[in-house]
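S.K.: Sharing a model prediction with you, sequence too.
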Amino acid sequence: MKFFSLCSLFLLTLVNQSFAEWETVISDSLSDYQTFEKYWNYLYPWGSDHNGSARMYGAPDDHNHVYLKDNTVVILATRINWDEGKSTANPHPEIHYHSGAIHSKETFTINDQFPNYEIRGEFMVPTTRGTWPAFWLNGAWTWPPEIDIVEFKGDNVNWFNTFRTSSDVSTYKQGISNPGAWHEYRVWITKVSNTDMDIHFYIDGQWKAKHTANHVGKPFHLIMNLQMEGSSGNNGPTSNTYYRGRNIYVGRSRAW
């Protein structure tokens with residue numbers, strides 16, 4: 001009887017694993033502002049400033065730098081011609097631009113309950129010197145962890161980065177033909193141990209790289225932003241700069 005009970009428990013576990021449900025967390029969020037603001041907050045999770053020379057603006061009543069058009073989110077960076085001081089974030093560069101950022105209201109955690117995540121979107125990115133568009137996962141509690149899905153630094157090369165610590169970083173760089181046209185950038189993240197996850201990176205459906213990181217159990221915010229200068233070079237553009245995203249999707253498997 002005890003052997004039968006153990007067998008039954010084993011079979012039940014297999015059945016439960018086999019029938020884990022896939023659920024959509026974010027999809028079709030860019031149709032109108034009411035829908036958009038159910039899923040996204042404006043600015044970074046920590047505020048308006050980061051490590052470049054752009055200060056982020058955006059709010060339900062301010063769509064000058066983050067706005068929706070034809071199921072697309074558009075971020076606009078404009079150069080300013082007055083002294084707005086320095087960024088409040090390291091390394092405290094002078095503010096030269098107003099731009100925009102958004103981040104997911106929900107945080108996403110790889111764990112036993114949610115062992116797999118898929119995150120993807122299509123983006124038209126600026127690549128002029130001094131432009132620094134990104135679509136990335138940032139630790140909700142601390143930095144790091146960080147996983148960069150889109151990151152261009154003033155040229156046509158996308159950086160896939162995974163920060164385990166500030167000095168322990170995996171990077172895969174891929175040149176993109178015509179990055180100002182629509183391309184899909186995607187990650188598939190899966191739990192492989194009690195501490196580690198595998199992160200698979202794709203561009204336009206083509207697998208590019210895998211990183212492994214000890215980020216299991218650590219919650220992330222998903223961020224889209226157009227930072228300027230900083231790592232993308234000085235003397236950024238004087239004309240308006242646009243960064244566009246569409247078909248942004250987050251899905252995950254639910255074990256219970």
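M.R.: Perfect, I can see it now.
S.K.: Okay, and the beta partners of the spatially most central residue of the chain?
M.R.: The residue lying closest to the centre of the chain (CA atoms, centre = their mean) is Trp136, at 2.3 Å. For Trp136, the beta-bridge partners are Asp148, Ile223 (DSSP bridges).
S.K.: Validate this expectation: Glu37 resides in a helix.
M.R.: Yes. Under DSSP: H, G, I helix; E, B strand; the rest coil, Glu37 falls within a helix.
S.K.: Around it, how many other residues sit close by?
M.R.: 15 (other CB atoms under 10 Å). (Each C-beta comes from the backbone N, C-alpha and C, glycine too.)
S.K.: ok, now which ones touch it?
M.R.: Listed by CB atoms under 8 Å, 6 or more residues apart in numbering, the contact partners of Glu37 are Pro60.
S.K.: Against Ser48, how distant is it?
M.R.: 18 Å (CB to CB, to the nearest Å).
S.K.: Please enumerate the strands of the stretch 101-250 of the chain.
M.R.: Applying DSSP state E, counting those that start in this stretch to the stretch 101-250 of the chain gives strands spanning 101-104, 116-124, 131-139, 146-151, 157-163, 169-175, 183-191, 197-203, 206-213, 220-228, 241-254.
S.K.: which intervals of this structure have sub-threshold pLDDT?
M.R.: For the chain, the stretches with pLDDT under 70 are 1-19.
S.K.: one more time with 90, if that's ok
M.R.: For the chain, the stretches flagged by pLDDT under 90 are 1-20.
S.K.: Leu30 is nearest to which of the strands of the stretch 101-250 of the chain?
M.R.: Leu30 lies closest, by CB to CB, to one member of those: strand 241-254, at 6.5 Å.
S.K.: Name the residues of the closest one that are buried.
M.R.: Using 16 or more other CB atoms under 10 Å as the test for burial, strand 241-254 gives 241, 243-250, 252-253.
S.K.: Closest one of these to Trp159?
M.R.: Nearest to Trp159 among the buried residues of strand 241-254 is Tyr243, at 15.4 Å by CB to CB.
S.K.: in the sheet, who's paired with that closest one?
M.R.: Under DSSP bridges, the beta-bridge partners of Tyr243 are Ile75.
S.K.: gap between it and Asn156?
M.R.: To Asn156, Tyr243 is 14 Å away according to CB to CB.
S.K.: quick one: Gly52 and Gly230 touch, right?
M.R.: Yes. Using CB atoms under 8 Å, Gly52 is in contact with Gly230, at 3.5 Å.
S.K.: what residues are shared contacts of those two?
M.R.: 93, 132.
S.K.: Which one's more surrounded, these two?
M.R.: Taking other CB under 10 Å, Gly52 and Gly230 do not tie; Gly52 has more neighbours (27 against 20).
S.K.: dump the residue contacts of the more buried one.
M.R.: Contact analysis of Gly52 by CB under 8 Å, 6+ apart lists 87, 93, 132, 227-232.
S.K.: Arg254 reaches Glu23, doesn't it?
M.R.: Yes. With contacts counted by CB under 8 Å, Arg254 reaches Glu23, the gap being 5.4 Å.
S.K.: shared neighbours of the two, which are they?
M.R.: Shared contacts of Arg254 and Glu23 (CB under 8 Å, 6+ apart): none.
S.K.: before we move on, back to that, the residue nearest to the centre of the chain against Pro144, yeah?
M.R.: No. Assessed by CB under 8 Å, Trp136 is found out of contact with Pro144, at 11.4 Å.
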